[in-house]
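**Student:** Predicted coordinates and the sequence they were generated for:
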Amino acid sequence: MLKPLVDDISETTVSRRRVLGGALFWASCGIVVAILGVIGGGVLRFLYPRALYEASKIFKVGSPESYKIGSVNLVTGRGVWIVREQEGFYAILAKCTHLGCQPIWYEDQQVFKCPCHGSRFHKDGVNFAGPAPRPLDRLYLSLASDGRLEVDKGKDVGLDYKLKV
Ligand code: FES
């Protein structure tokens, strides 16, 4: 017995429609998932932005009375020395002017020495040996309204700057 030719064609057509419909469905699902992923990523970036939190450049370093005359004091975590002399205070950036290493204060020799390439600086920050091309940077130091010393790392001042308290 022969089957009618028309029925075969009809079954084949339905099968193609199913296959195409399924493919379209899964493609649509993929697009929806991709869109949701993009939106979700944007929301996550909004909630957790890529931001670097840097410490403030202006900070207080205690009362003037807490520094002895003639002392050089490293402010831990701030990279600044506070120097007190008879005539007043000044703040020095603890960063070598050669390539940026942190010099070390040698109390017995009254000198800053850079451990990287051997530059030497006097107590006032002036360079006298090694490859450092200029003195250590002196920073703006003032007396805050609460009576404490305040350093502004964003303001560079000249070597003759001293805070008289
Ligand atoms: S970084 Fe200080 S001497 Fe080179």
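**Tutor:** Sure thing, it's come through.
**Student:** any idea of the pLDDT on Thr76?
**Tutor:** Looking at Thr76, its pLDDT stands at 88.
**Student:** and Leu141, how many residues sit next to it?
**Tutor:** The number of residues packed near Leu141 is 24, by other C-beta atoms under 10 Å. (Each C-beta comes from the backbone N, C-alpha and C, glycine too.)
**Student:** now swap in the one 3 residues further on and tell me
**Tutor:** Residues within reach of Ala144, counting by other C-beta under 10 Å, total 11.
**Student:** partner residues bridging the nearest residue to it once chain neighbours are set aside?
**Tutor:** Leaving out its chain neighbours, the residue that sits closest to Ala144 by C-beta to C-beta, 6 or more residues apart in numbering is Glu150, at 4.3 Å. Listed by DSSP bridges, the beta-bridge partners for Glu150 are Lys60, Ser142.
**Student:** Glu150 contacts Val165, doesn't it?
**Tutor:** No - the pair Glu150 / Val165 is not scored as a contact, 11.9 Å apart, by C-beta atoms under 8 Å.
**Student:** does Val32 sit in a helix, a strand or a coil?
**Tutor:** helix (DSSP: H, G, I helix; E, B strand; the rest coil).
**Student:** can you check the one 10 residues further on too?
**Tutor:** Per three-state DSSP, the secondary structure class of Gly42 is helix.
**Student:** Distance-wise, check Thr76 relative to Ala94.
**Tutor:** 10 Å (C-beta to C-beta, to the nearest Å).
**Student:** Out of the two, name the residue with the larger neighbour count.
**Tutor:** With neighbours defined as other C-beta under 10 Å, Thr76 and Ala94 compare such that Ala94 has more, 19 against 7.
**Student:** returning to what we had before: check contacts around the residue nearest to Ala144.
**Tutor:** Ile58, Phe59, Lys60, Val61, Leu141, Ser142, Leu143, Ala144 (C-beta atoms under 8 Å, 6 or more residues apart in numbering).
**Student:** Report pLDDT for the residue most central in space within the chain.
**Tutor:** Nearest to the mean C-alpha position of the chain, by C-alpha atoms, centre = their mean, lies Glu54 at 4.9 Å. Looking at Glu54, its pLDDT stands at 79.
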